[in-house]
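# Fold the following and give me the result.
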Amino acid sequence: MGQQEIQTTYDKQLVTLGRVLQTIREEEKVETLTEATLDYLKGEFNYRLIWLGLYDRVEHRLVGKGGITPTGDVKFLKQKFSLAPGDLLEQVVIQLRPLSIPDLRTEGRAGEWGRAATEFGIQGTLVFPLRYKDRCFGVVMLGSHLWGTTPRTSEKAQLSLLFGGLATKLYQMEVEWQHASIKRPDQSLFQMLEQLQSLPTLANRLDVLVNTTHEFVAPTRTNLYWYSPDKRYFWQKVGNRQTARKLKDPDSSSPGLNVQDVSEFYLALAAGQTVAIGSSKSPLNAEVTGTLLSRFRARSILAAPVLVKGELVGFLAVEDNEARIWEDSETHYVRATAQIVVLIAGKEDVEAILQETQKDTNLIGEVASSMAEYPEPEIGIRQAAELILNRFGVERFLVLQAIEVASTVEYAVLYQQQPPKRSPLNAPLAALAYDSWQLIHESSEVLAIEDLEKDQRLGEWRESLLKLGMRSLLVCRTGNIQNNSLLIVAHGTSRTWNPTERRLVGIVAQQIGVLLKNLELQNITDNLLIANKTLQEGLTALLSGSADPKSFERAWIKYLAKLMASSFIGILGWMPQKPNQSKQKSLVLQSTVINDPRFGVANAPIPLSDPLIREAIATRGFIVRKLNELPAETSNWLKHNGTGQLLLIPLLSSSKTLPTGILLLVDSSENQWSPQILQSLETLVRQFTWLRQYRRLSNTMANDIRELEQLNWYKHRCLEMLHYAVASSVSQLLSEYSDQGQSNGDPTIKRMRATQILHNLESTLTPLSPLLNEEQWQTNPHVSAVLLGGLFKRLLRRVEPLFNQRQLTVMVKNIGSTSISANQLKLECILFDILLTACYKAKSGNRIDIWCRPLDAEAWNREQASRNLNQNNAEAGFIELLIADSQPNKTSSENLEFFANKDKNPQGVNINLIEQPPSRQLKICQIILRSWGGDAQFYQLENSHFLSRLIFKVER
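Purely as a prediction, here's the structure:
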């Protein structure tokens, strides 16, 4: 064949290939494409076996489309050939490379084709993949009766172009088919929105929405379910097919899908999740999934929530009786349709929503107005509670306040309102765990619990609240984190709280918080004013108290009992120590005021081992305890009925010393003492302790000074007495010795006289011996019977020179053998001072009258009581000694008779009692006489006369 003929043949082959490729590009049917390809192979190539098969990826097999065989049997070529691992055809499909087989009959991996090759007499075989990129769309088999047939280069080129063009076309057709078969939710949604615009009513729009969804997803049923928050169930609002009556009728006795049965499903929808159940897949647990499928009578469910402002109002569900795998496009379409429900339903309810919004605004205004209008917080909170209860249709409204009790926190009831036949919350609620505390106090949102029986939050309160019939709750703090009060709105049945209700409760809680804060500030201000007033009055009472420590203490606890309105108040002091005792071991009750006989302290020592006493001493601050929480040891000595509270304050004069006692105060009421009052009381008690200590020290020092003054006066008088006695004795002795030198008297008589003088001097010195031994720093209170007669003789001898000097005479009456109870030496000093005073008070030439007479004991005791001189003289008798100056022309009876009738106050007689003695010496005399049970009184008479009245005790 010449070169020209070869070129002509090649051109014809190209033209034929071009026509086939054009046909392949233009055709849209698979059958036409396969026929054109096979016709080309039959006409252009001399193969006895030609077969074309398309690859089914789903079933992993080759579907025969025809060809030629030597026998003309094409039925075999249109079979479906499954591919197995290791097959020749699977190798071509997987590897996407042509395969050359020298003898198909002997190829063990040929399978059915090996047997067919034997039948058809085929040996050399070529298998080409229909490949586009990395995908196989089928294979083409070309067989020859010759062994090991190999195509020429030009044939390979033609086959490559042909099979490549066919594979490309098959890919394009698959893409177009997939594109045509894919669901287009956007188109369906646009069409649905166009229809919704022309529909007049909500019912019509919902019907179109459900029907369009049903057409797109193609399930068995499509339904729109609405949620009833009050009864917590879902019921069918719109559906394209009849459903069970229990899901459709909202007025049924047990209507719809109860949230209690499918709580996990409800929570997922409320969280905005789409729930897809089908083909053995479910995001819910098996029990809830089974309940849902049973109630819907379906095997597959796709549900999307309908949310309005974040609140679940219903869901759109597509239900299928067959197990399905829900595609993403179906899921997105159902979810988008559910949101369209929100738009069309919201448009229908705009006016209703505006009305509700206006009502809520008015409600907030009414709550604020009620709280501002009523000054009493309880009335304002009650008005707010009634408005909220009526608005929400719920049963309970509680305001709780966190209080510290024994190092923990409890929530006590400040205010509560409930139906008349429901029990109130009587006991405080327990402290919350940290997680529960965070839910309430660290969150800006209101805590909503729809069913407390199934909700694990607030586990510490569940039992207490459920006992009172509280199933659903709204819990909110009434201010910032520092504000420890809470608002609880509760209902007896489970229910859903919508965002509006939660928002309203949050606003009301804030208003209540402001009210409580203002009340707290007002209480603090009032308590500060009361505390300041208490402090001022208390300090005034302390500073104006008696100088006597015991009187000061009694007056102070009476004042405190009145100030604190206490049932019992007392001061516990240290029990006096024994001489060999180094440490204090117990306390005793020293002063007390009892306003309620149910309270008191046992008349027995209180040991320091008592835990409350130890705590009071160690704390050095006030301690408040409830009476029903006292230790058993304390209840042994403190009498109480278990109701009320106890306050203990140690009496501290210095922070470095032990308290001098403990103030004990009992209040039978349940009222709480404010911190301001307690701080003021603590300050006053410290001032009282210091002033009491000061008074005790001052009193002790005054007594010591008084004792030293008495001792100094006493010793001075004794020294004068000694000086007088010694001087008299020495004078007598000198006189005797002088007389002895001048005369010749009997020496024996002179010695006897000297001895007598010395004996007299010794008798004077003998009483002074106890003074030196027993009265070094204080006087001895020992008394004995003393005869006044002999005592006055010695005294008159001592004062005789002064009387003579002032030309005074002395008249003594009724002294005789009168015996009194006194200390002889001290009595002599006292009478000496009284006589000296009478001598100096009397005018020259006057007379000193001394008169002794019995005194009526009852009259004297009455006189002592009138002058607050309370002495135990019930068993004693008394005499009075009167010493006065008078004119010499009057008898003693005339001078002194008027005094006996001083109470009758005779005409012309002026008698004035001198309350304070005119000299320190007379004051000391008065003190000593009073210590013996008597007294010394001094009177200024008419005409400047002075009278001394001495009262002496006579033991019966």
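# Can you give the distance from the helix or strand encompassing Arg205 to the centre of its chain?
In this structure, Arg205 is located in helix 202-217 according to DSSP states H and E. Distance of helix 202-217 from the chain centroid (C-alpha atoms, centre = their mean, to the nearest Å) equals 56 Å.
# One more: stretch 54-69?
For stretch 54-69, the distance to the chain centre is 81 Å (C-alpha atoms, centre = their mean).
# that older thread, ok, residues contacting the helix holding Arg205?
With contact meaning C-beta atoms under 8 Å, 6 or more residues apart in numbering, helix 202-217 is reached by 183, 185, 188, 191-192, 195-196, 199, 221-224, 237-240, 302, 316, 318, 330, 333-334, 337, 340-341, 344-345, 348. In this view, the C-beta of every residue, glycine as well, is placed from N, C-alpha and C.
# So which of these sit within helices?
185, 188, 191-192, 195-196, 330, 333-334, 337, 340-341, 344-345, 348 (DSSP state H).
# Return the item of those residues having minimum pLDDT.
Least confident entry in the ones in helices among the contacts of helix 202-217, by pLDDT: Glu348, with 54.
# bridging residues for Ala876?
Glu955 (DSSP bridges).
# That one - how many residues pack around it?
If you count neighbours by other C-beta atoms under 10 Å, Ala876 ends up with 18.
# ok, it touching Trp932?
No: the criterion here is C-beta atoms under 8 Å, and Ala876 misses it with Trp932 at 10.4 Å.
# intersection of neighbour lists for the two?
Common contact partners of Ala876 and Trp932 (C-beta under 8 Å, 6+ apart): Lys953.
# In the stretch 701-850 of the chain, where is pLDDT below threshold?
Per-residue confidence of the stretch 701-850 of the chain (counting by pLDDT under 70) places the weak regions at 736-747, 750, 763-765, 767-774, 776.
# the strands in it, which residues?
784-787, 809-813, 819-822, 847-855 (DSSP state E, counting those that start in this stretch).
# With the stretch 101-250 of the chain instead?
125-132, 135-143, 221-228, 233-239.
# I'd like the ones you listed as JSON lines, with mean neighbour count appended.
Below are the strands of the stretch 101-250 of the chain laid out as JSON lines (neighbours: other C-beta atoms under 10 Å):
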{"stretch": "strand 125-132", "mean neighbour count": "23"}
{"stretch": "strand 135-143", "mean neighbour count": "23"}
{"stretch": "strand 221-228", "mean neighbour count": "22"}
{"stretch": "strand 233-239", "mean neighbour count": "22"}
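# Could you dump the ones you listed into TSV and include distance to Arg502 and mean pLDDT?
Below are the strands of the stretch 101-250 of the chain laid out as TSV (distance: least, C-beta to C-beta, whole Å; pLDDT from 0 to 100):
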stretch	distance to Arg502	mean pLDDT
strand 125-132	60	91
strand 135-143	57	92
strand 221-228	16	88
strand 233-239	21	86
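# returning to what we had before: between the strands of the stretch 701-850 of the chain, which gets nearest to Pro650?
strand 819-822 (45.4 Å; C-beta to C-beta).
# Neighbouring strands - and their directions - for the closest one?
Going by DSSP bridges, the partners of strand 819-822 are strand 784-787 (antiparallel).
# Counting neighbours, what do you get for Ser609?
Counted with other C-beta under 10 Å, the neighbours of Ser609 add up to 10.
# before we move on, what about Leu486?
Around Leu486 there are 24 residues (other C-beta under 10 Å).
# same thing with Asn390?
10.
# Please export the C-alpha coordinates of stretch 428-435 as PDB.
C-alpha atoms of stretch 428-435 as PDB (Å, rounded to 0.1, in the frame of the first residue of the first chain):
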ATOM      1  CA  PRO A 428     -34.800  28.300 108.300                       C
ATOM      2  CA  LEU A 429     -33.500  26.600 105.100                       C
ATOM      3  CA  ALA A 430     -30.100  25.000 105.400                       C
ATOM      4  CA  ALA A 431     -26.900  26.400 104.000                       C
ATOM      5  CA  LEU A 432     -26.300  26.000 100.300                       C
ATOM      6  CA  ALA A 433     -23.500  24.000  98.800                       C
ATOM      7  CA  TYR A 434     -21.000  26.100  96.900                       C
ATOM      8  CA  ASP A 435     -22.300  25.000  93.500                       C
END
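# Show me the contact partners of it.
Counting by C-beta under 8 Å, 6+ apart, residues outside stretch 428-435 touching it are 400, 403, 405, 408-413, 440, 458-461, 464.
# Just name the closest of the residues you listed to Ile101, please.
Gly459 (76.9 Å).
# that older thread, the strands of the stretch 101-250 of the chain: which one's closest to Gly310?
Of the strands of the stretch 101-250 of the chain, nearest to Gly310 by C-beta to C-beta is strand 221-228, at 13.6 Å.
# Does anything pack onto that closest one? Which helices or strands?
helix 202-217, strand 233-239, strand 311-320 (3 or more C-beta pairs under 8 Å, 6 or more residues apart in numbering; DSSP states H and E).
# Dump it to PDB, restricted to CA.
C-alpha atoms of strand 221-228 as PDB (Å, rounded to 0.1, in the frame of the first residue of the first chain):
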ATOM      1  CA  ARG A 221     -46.400  12.800  58.500                       C
ATOM      2  CA  THR A 222     -45.500  16.400  59.100                       C
ATOM      3  CA  ASN A 223     -46.900  18.100  62.200                       C
ATOM      4  CA  LEU A 224     -46.500  21.400  64.100                       C
ATOM      5  CA  TYR A 225     -46.700  20.900  67.900                       C
ATOM      6  CA  TRP A 226     -47.400  23.800  70.300                       C
ATOM      7  CA  TYR A 227     -46.200  23.900  73.900                       C
ATOM      8  CA  SER A 228     -48.500  24.600  76.900                       C
END
